[in-house]
Structures are given as structure tokens and as C-alpha cells.
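> Pasted the sequence and its predicted model underneath.
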Amino acid sequence: MKVIITSDGPSLDSPVSGVFGRAPYFIVYDLATDRYEAVPNPAQAAFGGAGPMAANFVASSGAREVVTSGIPGPNAQGVIMGLGLEIIQFQGLVRDAIAMLKSRYNIKPLSKEEELAKLKEEKARIEARLKEIEGELKSK
């Protein structure tokens, strides 16, 4: 399960950000595989509407929950809740937020064998989709 954690920096040792729409980074974290990506918030420097823009980014990432130490503004909250995402408030480091989520859901990381099997399945799906798209393009 993917989650987004607002962060003041790009590492797991960064503090969870107190703002949502203008957080410097989003940590996109997969609880099952322990993989993450630190993504600069594309809405951080927006003149207006940063909250809804950030909420749409979260939704496009495939995350199901947002962890932040502040309260998103009303416009961002409306978009987040309208998309069926949950907002979880947490103060501390990103690493500690991840530990809290794992404990909350009793999630154990995949073994290397399980992760390899999942990645091979994903690779096969991607290769099949690539062939399908290539076939569509050739037939035009």
C-alpha cells in the first residue's frame, strides 16, 4: 500500500512537514516493499491553489493515505476526501511515521523472494502492455 508523507527534506530522517500544499517534498512510500521516492512538491511554489494541486498529485501517485503534521486547508481537504484518501496527522520524523503506519496495519516487509516474484509479475504486465501499445501504433 502506498502512502504519501509530507516532508521538510528528501530523506527518511527529515521531519514530517507541518504544511500540506506547500510541503517541500512528498515521500511516496510503499509499505509492502519498503521502497520510497522523495519527490519535490510540484505545487510548492504555486501562486494559488497549492493545496488542491498537491492533493491531485497525491491521488495520481496511487497513495491511499496522506501523513502530515499540519491540517491541510479546506480546499485541499475537500479534494483529498473527495478522492477517498485518508489524512493522518503525525508529528516527528518521516521514519517514525512509517513505523507508526506499519504498526497500525501490522505490515511485515516482503521477503526478498516475495519481492522478486512481485517484480517479475509487474515486469510481465508492463511488457505485455508495451507490446499491445506497439501493436496499436503499427496498425495506424
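Good, I have the coordinates. Nothing here was measured: the structure is a model prediction, and the numbers come from that model.
> In three-state terms, label Ala59 for me.
helix (DSSP: H, G, I helix; E, B strand; the rest coil).
> pLDDT at it, what is it?
On pLDDT, Ala59 comes in at 87.
> you'd agree it is up against Leu83?
Yes. The pair formed by Ala59 and Leu83 meets the contact definition of C-beta atoms under 8 Å, at 4.5 Å. Glycine gets a C-beta too; all of them are placed from N, C-alpha and C.
> Who has more neighbours out of the two?
Neighbours were counted for Ala59 and for Leu83 using other C-beta atoms under 10 Å; Ala59 has more, 18 against 14.
> ok, now which ones touch that one?
79, 83, 85 (C-beta atoms under 8 Å, 6 or more residues apart in numbering).
> nearest to Gly48, of those residues?
Nearest to Gly48 among the contacts of Ala59 is Val79, at 14.2 Å by C-beta to C-beta.
> list the contacts for that closest one?
Per C-beta under 8 Å, 6+ apart, neighbours of Val79: 51-52, 55-56, 59.
> what's the answer for Ala23, then?
So Ala23 contacts 6-8, 17, 41, 44, 54, 68 (C-beta under 8 Å, 6+ apart).
> From the contacts of Val79, which land in helices?
51-52, 55-56, 59 (DSSP state H).
> Most neighbours of all those residues, which one?
Ala55 (28 neighbours).
> correct me, but that one touches Pro74?
No. Contact criterion C-beta under 8 Å: Ala55 and Pro74 do not qualify, at 11.5 Å.
> one step back: pick the one among the contacts of Ala59 closest to Gly135.
Among those, and counting by C-beta to C-beta, the member closest to Gly135 is Leu83, at 33.1 Å.
> Mind picking the two most distant members of the ones in helices among the contacts of Val79?
That would be Gly51 and Ala59, which, of the ones in helices among the contacts of Val79, are the farthest apart (C-beta to C-beta) at 12.8 Å.
> Report the mean confidence score over stretch 42-54.
89.
> quick one: contacts for the nearest residue to Ser61 once chain neighbours are set aside?
Residue nearest to Ser61 in three dimensions, not counting chain neighbours: Val28, with 5.2 Å by C-beta to C-beta, 6 or more residues apart in numbering. The contact partners of Val28, taken as C-beta under 8 Å, 6+ apart, are 2-4, 36-39, 61, 63.
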